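>>> below is the structure, and that's it, no one-letter string:
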């Protein structure tokens, strides 16, 4: 069953619920949205000190690309 079929099945089940159950379902869904963890924002300098070693010839041209340069 693909996601579209799951959504359709859920809509059909919700359509058959009594009004009281719909109100409870709405409250439950709103609680789920509130509890959703927000993504943390990036901070400048948080990766500082992560690179421990870098070769002396890091910026040197590569031999494999000599014919293109």
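Alright, I've got the coordinates. The model shown is predicted, which means the values in this text are computed figures rather than measured ones.

>>> show me the shaky parts of this structure.
34-39 (pLDDT under 70).

>>> gap between the nearest residue to residue 61 once chain neighbours are set aside and residue 55?
Sequence neighbours aside, residue 69 is the residue nearest to residue 61 in space, at 6.4 Å (criterion: Cβ to Cβ, 6 or more residues apart in numbering). To be clear about C-beta, it is placed using only N, CA and C from the backbone, and glycine gets the same treatment. The gap separating residue 69 from residue 55 is 20 Å, by Cβ to Cβ, to the nearest Å.

>>> and what of residue 62?
Taking Cβ to Cβ, one finds residue 62 at 12 Å from residue 55.

>>> again, but for residue 4
Counting by Cβ to Cβ, the gap from residue 4 to residue 55 is 52 Å.

>>> check residue 42 too.
28 Å.

>>> try residue 17
Where residue 55 is concerned, residue 17 sits at a distance of 65 Å (Cβ to Cβ).

>>> and these two? Which one has more around it.
Each of residue 17 and residue 55 has its neighbours counted (other Cβ atoms under 10 Å); residue 17 has more, 12 against 7.

>>> the nearest residue to that one once chain neighbours are set aside in helix, strand or coil?
Counting by Cβ to Cβ, 6+ apart, residue 17 lies nearest to residue 25, which is 6.9 Å off, once chain neighbours are set aside. Of the three states, residue 25 takes helix under DSSP: H, G, I helix; E, B strand; the rest coil.
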